[in-house]
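Asker: pasting the structure only:
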């Protein structure tokens, strides 16, 4: 009797002998490899039939021997290296590696909490007082319809320009109520917020909508619409004396920018300016801007020393005495004033 080690093949035994346990195991593994290599069963059958078939008629070869030989030819012929017909195939079939797992797609849909946190990022940018940081929260080509400007802002420079003035009020926002909608690659947050102006203590409510999209992998503001509450406008909500004096602060803050356009923006289209150091009345935007082009070279900052406020329906007046400190020269100048709003 010839002894064999486990897993070894006796010379007279085919490695794919279907009558032995080891042969059946090799056959199963070979079948798996063949299925991986041939796209259709028809190709596999064609190759098998090309290897003299499962039964060789009139040759005197047994069915068992023919089957083993056909399977042997199939495996040998499909090896990556050439093997002669008389060579003995290796006993072990190489393991078939699994394909790599697909990469996880990037997150493109936000939760409602994540959408609301985008407002907090914008609000924190306001708190820095830096218009560049606020403008960077918007995409490259945004649409900002601001609360206190008639001009849509559609690029970085115009968005920054708006916040140059708005940030002088030291605003901080709080969402009072809002609805959030999300989709694949976009989100909307719309509702009512309220700003507290640190410079004056005033509180202002407004309607808002933020449309967010991803730009270079970062969620930013695509569209921002902010408008005052329409019912308060329709009802002609009366202004208080403190709010009237707050209008002087807005004008004074515009002086601090040293930009004559921002000062001229504080005047109505039919405004009249009788200036301190010019004999010429200024009655349109261009002439008002011209006056402040020279006056701002003194770097003036004003302070009201005495004020008398009168309030009527849709108008108000502040009359009194103010004093300017000229940053360029250090001089102080007192003057009488009248503002009609």
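Answerer: It's in. Bear in mind that the values here come from a model prediction, so they are computed numbers and not experimental data.
Asker: any idea how far residue 295 is from residue 287?
Answerer: Distance from residue 295 to residue 287, counting by Cβ to Cβ, to the nearest Å: 13 Å. (Each C-beta comes from the backbone N, C-alpha and C, glycine too.)
Asker: Oops, could you answer that again for residue 165 instead?
Answerer: 21 Å.
Asker: of residue 295 and residue 287, who's got more company?
Answerer: More crowded of residue 295 and residue 287, by other Cβ atoms under 10 Å: residue 295, with 19 against 15.
Asker: show me where the protein has strands.
Answerer: In the chain, the strands defined using DSSP state E lie at 138-145, 171-183, 186-197, 203-215, 218-228, 300-312, 315-326, 332-340.
Asker: show me the contacts for the nearest residue to residue 323 once chain neighbours are set aside.
Answerer: Spatial nearest neighbour of residue 323, excluding adjacent residues (Cβ to Cβ, 6 or more residues apart in numbering): residue 334 at 4.8 Å. Neighbour list for residue 334: 305, 321, 322, 323, 324 [criterion: Cβ atoms under 8 Å, 6 or more residues apart in numbering].
Asker: Give the burial count for the third one, as a bare number.
Answerer: Just to be clear, that refers to residue 322. 19.
Asker: Distance of it relative to residue 311?
Answerer: Plainly put, residue 322 is 20 Å away from residue 311 if you go by Cβ to Cβ.
Asker: try residue 126
Answerer: Taking Cβ to Cβ, one finds residue 126 at 31 Å from residue 311.
Asker: Between those two, which is the more surrounded one?
Answerer: Under the criterion of other Cβ under 10 Å, the comparison of residue 126 against residue 311 puts residue 126 first, with 21 against 16.
Asker: Surely that one touches residue 174?
Answerer: No. Applying Cβ atoms under 8 Å, one finds residue 126 not in contact with residue 174, separated by 11.7 Å.
Asker: what comes into contact with stretch 313-330?
Answerer: Residues contacting stretch 313-330 (Cβ under 8 Å, 6+ apart): 236, 239, 244-245, 247-248, 297-311, 331-341.
Asker: at 6 Å instead, please
Answerer: Contacts with stretch 313-330, where a contact means Cβ atoms under 6 Å, 6 or more residues apart in numbering, come from 239, 244, 298-310, 332-334, 336-341.
Asker: Among those residues, the buried ones, what's the PyMOL command?
Answerer: Entered in PyMOL, the line below selects the buried ones among these, by 16 or more other Cβ atoms under 10 Å:
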select buried, resi 239+244+298+300+302+307+309+339
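Asker: got a list of what residue 208 touches?
Answerer: By Cβ under 6 Å, 6+ apart, the residues touching residue 208 are 193, 226.
Asker: let's see 7 Å
Answerer: For residue 208, the contacting residues are 190, 191, 193, 225, 226, by Cβ atoms under 7 Å, 6 or more residues apart in numbering.
Asker: for the protein, what helix or strand is lowest in average pLDDT?
Answerer: helix 41-50 (a mean of 38; mean pLDDT, DSSP states H and E).
Asker: if we look at the sheet, which residues does the closest residue to residue 111 other than its chain neighbours bridge to?
Answerer: Closest residue to residue 111 apart from its sequence neighbours, by Cβ to Cβ, 6+ apart: residue 182 at 7.6 Å. Under DSSP bridges, the beta-bridge partners of residue 182 are residue 187.
Asker: Residue 182 contacts residue 109, correct?
Answerer: Yes. Using Cβ atoms under 7 Å, residue 182 is in contact with residue 109, at 5.8 Å.
Asker: avg pLDDT for stretch 202-212?
Answerer: For stretch 202-212, the mean pLDDT works out to 94.
Asker: what about this structure, any weak spots by pLDDT?
Answerer: The chain contains residues with pLDDT under 70 at 1-107, 232-237.
Asker: Wait, residue 247 touches residue 309, no?
Answerer: No. Counting by Cβ under 7 Å, residue 247 does not reach residue 309; the two are 10.2 Å apart.
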